[in-house]
Structures are given as structure tokens and as C-alpha cells.
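**Student:** just need the structure, nothing else, for what follows:
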Amino acid sequence: MHHNNPRILLFTALLTGIIVGGIPIASGENVPDWVKNTAGWWAVDSISETEFVNAIEFLVNNDIIQVDTTQSTTTSLIIPDWVKNTAGWWAVDSISETEFVNAIEFLVDNGIISLEKQCSRDLDPNGNNIPDELEIQAVFDPSSNKIIEDNLQPQIIISRNYNNCDFPNEMSHYEFREVDFSNSDLSNKNLFNTKFTSSIFNNTDFSNSKLHGIIFYESSLENVKFENSEFSIMPKSFDRVIFSVYSTENYHHCTFLPCRLHTSTFPGLETTNIQQKLFGKETLPLNLVFEKQVLDLSDIRVSYILSPSFIFNSFENIDFQKANLTYSIFGNNNFNNVDFSESELSEAIFYNSNFFKTKFQETFFDNKTVNMKDDFKTSKKYNESIPKLTFHTDIFKNLQINHVIDFPSINWSMGMLIDDDENILMIANTDDHTIDTFSLDNFELLQSFTSPIQFECETTNTWTKITDCLNEHRNLPTSIAKLNEKIFVAYGWQNEIQIFNSEGEYLYKFGQKGNKSGEFIDPFNINVWEEKLYALDSGNNRIQIFDENSNYEDEFSTNYLQENNSSPVDFSIYDKQIFVTNDLNSNVSRFDLEGQLIDTIDLSTYVDSGSISSIYVNDGMMTITDSSQHQIMVFDLSGQPQLSFGEMGNEYGQFMNSKDVIFDDNMFFISDTNNYRIQIFEIIR
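**Tutor:** Below is the predicted model of the structure:
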């Protein structure tokens, strides 16, 4: 014969109290029957004294039973026998409920039951209100410099009652299943890439917490505080997962550690062949947003960005006040009395959701089912102050960030071109193997094309394991120039220049490795001046000149003082003068169009030797990128500083290894290479 376990029944009863909410009992006349069962179980020793105290303490602290007491400052841990007898008598209706409630008041008065909302003593033996198991778990602390194995096993917590608990500040990479977080304090915590499944959040506080990549899945959220919560670090920077596809295996790289993925299977879901290869049949990642797919014979790759995700949840009475929900995913949720009106929802997506009394910044849904809502205005917020902004002249009044191109990412751009006639920005998206064209009006992507000259080899890119695929076989564009409707693209590692028409269609190429006229060694940079194409043939320490049909015309050495000492890195042409930087010192060599050295401009007072990674000269100013200080520096043509800004980092206004710069119409365009973006600044005169 099957017998019910009193502990299971007690747990079920407590959960029922949470879900229903419980009706406060002002007297002993309406105490629920299951409370009587609890008293009876304790009276006959079916549950422990601790379990009885925890149960009654829960009932009192959640206002299911209200008692009129003044708690004593003294504490007794011994329950008198008469209290146990009282519980047993009440369980069999030998005394009134009022007499039982009086006994409970005695336990409160004597400190045996605490009126403070506390974490369960079973979970928190040391009494600091933090579950002990979370204090000793070996979770990854991203602020530490400790090396961690990429395959560290996830910390999974199943079936806990964390009601009224506090938590450690670092809660990243956990997975919680069937956990009750009601009345818990999760404010000011770091919950990076943490997943909550089938969990309960009632009066839970997440305010001021970092919730990057967090997942709420099949959970209930009611009266939850999300004030100033940062669900997304974006768009300041992106955490990415990059999948490199090989013939026999896949390799994935995360910009965060440990590199854990959260996926779920949805029966009947149609997925693409590449999704099935990456995640399995009918399976998708829960908190990844598709960014781009690269299909080059040397590089088959899919990239995603980490995003907060809310799937199959119920939300009630929640104000996402000033929460950053950029790129968030909301799917198959029920919303009741929820306010998003002050949230940052750029690029967020809501699908298959029911809205009742839900408020957005420009919309209010009183009662509506929505299949898809993704019309939120993109309003990136840029830093008002630029790091280390220094003016050395009164010509300029201010500098501000105008725009950042970072989604999809610009992967290691080594060259850019402004076409004022077409009002476009062209970018050599080097490690993505493409030439991308953007409108200068709104910076929307207008066109993207790649070379048909590709080499089949093992997938290789910025994030892959080491392969035998050499750079000269990777179809890597490094610089762009335009001459009479022809687009010239330098492929520096391939020692050739390819020509495309204005539609991005391949026409022809010229050049090969060598030191003869028309041959190159590392021609990474090209420019156009007065119907001529100039190519910086770095490995041969020279500049070669070609006509519009790619016919060789002339060349000159970039060496100066009759020494083989140039090692040129970049060059710019302005006012019939050619400015060349090198990797040996901090000089800028200035030549005329015939290749005669005019002078050298010494910048060693301001720039470390060999750290000038690019130069652009326009409007009487030289703009350089300083790779050692991660700064942008502007000089007049005599080498006197005018302006400098930036520092190392991934915030807007910070740089990591900038590879190219353009100054045009009071705008600076900077290829922020290791941050995979183009930052655009506007100077105020």
C-alpha cells in the first residue's frame, strides 16, 4: 500500500501557498487545513522539529498566518513540550485554532521563530542569509586573472527554495532549475550567461544588476524589480560566439569564458542545414542573435552575439525602469501590467506574445496578441566625453561621437575610402573577405561584394585554431581606391590589385610577387591622385604609379638620405605631396609627385618610434593612428599638435589597434580593428 510522504506533502503545501499567494489570517479562525496537517506530523515525529519551525516561520513571514507579538531580544532554541502537545491536540480538534495561534505567538516572542525574512536554515547553516552551497561553488569570476578550462562543467542547481535569501555578488554561468527566488535579493549582482528554468520570482529584486546574456525560460515573474538593470552591455561592445565550420567538425570560439552555450530543442521546428550542423536537428541557441555568415572557400563561419533571452514566461506587475534591453529576445511570453516605456529596446524582438496593459515608449497594448514586434527605434547612446581629448589650438571647440558601425561587425578593416560624389563610405572588411559600402546619410549597408578568386583551404579567421592556410590564400582585401567608375582593391598578402566595376563585379587583376616593375611585395595600401593609381610597394621600399587601365608608368623609392631605411607602412596624398610613414621611427617623409624628398617631419616628441599605423592628410592637417598609445593624433603640416583623443579599451571613444583613419568634411573615420568596428567622430570648429 502506498503511503504519502509528509515531507513531500509539506513541500507541496508550501509551494501552493506561494502560487496562490495565501490569504492573510488575522486570527485563528481560518488557518488552512494543511497547516493543521503539519502540526500533526510534528506531534507524532513524522517531521523534525526543525522542519516544523521552518514551515511555521515561512507561514508567519509570508503573512499566511498573522500573529500579534512583540519579539523578544532573547532567543531560545528549545521548544517546550507543551507547544508540541498543543500542536497535536489542535491537529485532532481537541483545542481551538486560537489556542494554536497563541502557541505560535509564544514561539515568536521567545525568538524560536524569527519574524525577519530569512533564508532557510537548512540551506544556510552558517546564518549569513546566503545559501552555503553558492558560497563554496567553484564558479568562474570574470574579474580574476585565473586561467580556466574552457570545458569547465556548469554549476546546475535543481529544486531549491531560496525564498528570502541573499546571494554572492558573482553569480555568472549558473543554471537554476525549479528554484523559488521569491522575496530574494539579487540586486547589484553579476549574473552573466546565467539561465533560470521553471523558476519562480515573486517580489525578487534584480535592480542594478548585470544580466548580460541571462535567460529566463518557462518561469514566472511577478512584482520583480529590474530598475537600472543592465541586461545587455551592447552596444558598447559585443560578446560573440563564432562557429568555424570544417568538413568533419565544427570549432566555436567565445569572447567570454567559460564558453558555454544554452540550446533547446523545439519539436517540429524547421532549421537550416548549417543550423543543424552547429546545434543539431530542431535545436537553436536560446540567447544568441544571428550576426553574419561568411562563405569564403578559406573561411566558412557563422557569428552570433550574446543577448538576454525571455522565452515561455509569464510577467506580471513589472516595471523595467531604465533597463538596458538592447538586442533582447522575448518569445512566447504573457505580459500583464508591464512597463517598458523607459527601457532601452534598440533592436529588441518580441514574438508570439500576449500583452495585457503593457506599455512601450510609443505604444500601449490593452489586450493584444502580437506575432512579431521589432520596430523599436535604434538610439545608440554615445559617451558625452571622449577619453583623453586634448586640444592644442583654439581652432577646434569640441569633438563628439557621430556614429559607430559595429553590427554586423567590421572584422579587421585595414582600409577605407570616402566617395564624396556617391556619398558613400567603402570599407575593406579584411577578415570577412568583403568590400562593404555604407551610406554616409544613415550608415546603412548598401552593398557587399567579394572576390571570386578564392583558395580552398581549412577554415581560418581571427578566432580559429592554428591552421596551415596562409594569408596569401585567404582573399584578404587591405585597401580601396576608385578611379573612373572602377574600384581598385589591394590584396596585400596576395601581392596583387584586383579591379571591380561599380556594381562589385570582378573585372581583372594585375601584379604578382617580385621586385620588377608591376610586381609587388606586400602592397597593402593604394591611393588615387589626378587619374593615377599609386601603390605602396612596402616590401620593395617604393611607390609604383599606374594609369587608369593598370598600365605601369613610373616608380620612386621611399628611402631617404640614400639609405635603405624607409620600411613604409602607410601613405597619403594631399596637395600634390605624398606623405609616407615607416615602422623604423616616428618620422613622416614628404615627397613631391616625382618622388623627390621634400623633408621629413619628426613626430618623436609625441609618438613612440614605429607606432604610426596609418596616416591621412587633408584640409592642411595630418591625422595619424598611434598603435602604442591607442590614440588618434592630429598635426599641422609642420608637425605641431592640434588635437589628440582616445585610449585603450572597448568603450566608445576607446580603441584597440586602429589600422586606418580618414578625415573628411570635419569627420574622423577610424577603423577600430580589435574592437571590430568603425568609429565616426565629428569635430566642432
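
**Student:** show me the shaky parts of the stretch 251-400 of the chain.
**Tutor:** Applying pLDDT under 70 to the stretch 251-400 of the chain picks out residues 378-379.

**Student:** check the chain too.
**Tutor:** 1-34, 54, 57-77, 111, 113-117, 137-154, 234-236, 378-379, 561-565.

**Student:** most distant residue from the centre of it?
**Tutor:** Most distant residue from the mean C-alpha position of the chain: residue 94, 63.5 Å away (CA atoms, centre = their mean).

**Student:** what separates that residue from residue 100, distance-wise?
**Tutor:** For residue 94, the distance to residue 100 equals 11 Å [CB to CB, to the nearest Å]. (Each C-beta comes from the backbone N, C-alpha and C, glycine too.)

**Student:** which stretches of the stretch 201-350 of the chain form strands?
**Tutor:** Using DSSP state E, counting those that start in this stretch, the strands of the stretch 201-350 of the chain run over residues 215-217, 220-222, 240-245, 250-254, 263-265, 283-285, 288-296, 299-306, 309-311, 314-319, 329-331, 334-339, 349-359.

**Student:** list the buried residues for the fifth one?
**Tutor:** In terms of neighbour count (16 or more other CB atoms under 10 Å), strand 263-265 has its buried residues at residue 264.

**Student:** contacts for that strand, please.
**Tutor:** 217, 279, 280, 282, 283, 284, 285, 286, 311 (CB atoms under 8 Å, 6 or more residues apart in numbering).

**Student:** sheet partners, orientation included, of that strand?
**Tutor:** Looking at strand 263-265 with DSSP bridges, its partner strands are strand 283-285 (antiparallel).

**Student:** can you list contacts of the strand it pairs with?
**Tutor:** With CB under 8 Å, 6+ apart, strand 283-285 has contacts from 241, 261-266, 269, 271, 275-276, 279, 304.

**Student:** do you know which of the strands of the stretch 201-350 of the chain lies nearest residue 585?
**Tutor:** Residue 585 sits nearest to strand 299-306 of all those, at 35.9 Å, using CB to CB.

**Student:** just want the angle from that closest one to strand 240-245.
**Tutor:** Inter-element angle recorded for strand 299-306 and strand 240-245: 150 degrees (by axes from the mean of the first three to the mean of the last three CA atoms, to 10 degrees).

**Student:** counting by contacts, list what strand 299-306 packs against.
**Tutor:** strand 240-245, strand 288-296 (3 or more CB pairs under 8 Å, 6 or more residues apart in numbering; DSSP states H and E).

**Student:** quick check: neighbours of the last one in the sheet, parallel or antiparallel?
**Tutor:** Using DSSP bridges, strand 288-296 pairs in its sheet with strand 299-306 (antiparallel).

**Student:** can you give me how far the strand it pairs with is from the chain middle?
**Tutor:** 14 Å (CA atoms, centre = their mean, to the nearest Å).

**Student:** same check on stretch 455-466?
**Tutor:** Worked out by CA atoms, centre = their mean, stretch 455-466 lies 24 Å from the chain centre.

**Student:** in it, which residues are buried?
**Tutor:** For stretch 455-466, the neighbour count (16+ other CB under 10 Å) marks 459, 460, 461, 462, 463, 464 as buried.

**Student:** now stretch 283-298
**Tutor:** Those would be 284, 285, 286, 287, 288, 289, 291, 292, 294, 296, 297, 298, for stretch 283-298 by 16+ other CB under 10 Å.

**Student:** what helix or strand is the residue farthest from the centre of the chain on?
**Tutor:** Using DSSP states H and E, residue 94 falls within no helix or strand.

**Student:** ok, it to residue 103 distance?
**Tutor:** 13 Å.

**Student:** same question for residue 638.
**Tutor:** For residue 638, the distance to residue 103 - CB to CB - is 93 Å.

**Student:** returning to that earlier point: which one of the strands of the stretch 201-350 of the chain lies closest to residue 506?
**Tutor:** strand 288-296 (14.2 Å).

**Student:** so how far is that closest one from its chain's centroid?
**Tutor:** In terms of CA atoms, centre = their mean, the centre of strand 288-296 is found 15 Å from the chain centre.

**Student:** at which residues are the helices of the stretch 151-300 of the chain located?
**Tutor:** 273-279 (DSSP state H, counting those that start in this stretch).

**Student:** hmm, I was thinking of the chain
**Tutor:** For the chain, the helices defined by DSSP state H occupy 6-20, 33-43, 49-61, 81-91, 97-109, 132-136, 273-279.

**Student:** how about residue 49, what does it touch?
**Tutor:** Applying CB under 8 Å, 6+ apart, the residues contacting residue 49 are 42, 79.

**Student:** which residues in the stretch 551-685 of the chain form strands?
**Tutor:** 552-557, 568-574, 577-582, 587-592, 597-602, 612-618, 621-626, 631-636, 641-645, 660-664, 667-672, 677-684.

**Student:** what of the stretch 351-500 of the chain?
**Tutor:** Using DSSP E, counting those that start in this stretch, strands in the stretch 351-500 of the chain cover 364-373, 390-391, 398-405, 415-419, 424-429, 434-439, 445-450, 479-483, 486-491, 496-500.

**Student:** could the ones you listed be laid out in a markdown table, adding mean neighbour count?
**Tutor:** Below are those laid out as a markdown table (neighbours: other CB atoms under 10 Å):
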| stretch | mean neighbour count |
| --- | --- |
| strand 364-373 | 13 |
| strand 390-391 | 14 |
| strand 398-405 | 18 |
| strand 415-419 | 22 |
| strand 424-429 | 24 |
| strand 434-439 | 21 |
| strand 445-450 | 15 |
| strand 479-483 | 22 |
| strand 486-491 | 24 |
| strand 496-500 | 21 |
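
**Student:** nearest to residue 173, out of these?
**Tutor:** That would be strand 398-405 among the strands of the stretch 351-500 of the chain, by CB to CB, at 28.6 Å.

**Student:** next, the distance between the ends of stretch 281-298.
**Tutor:** 26 Å (CA to CA, to the nearest Å).
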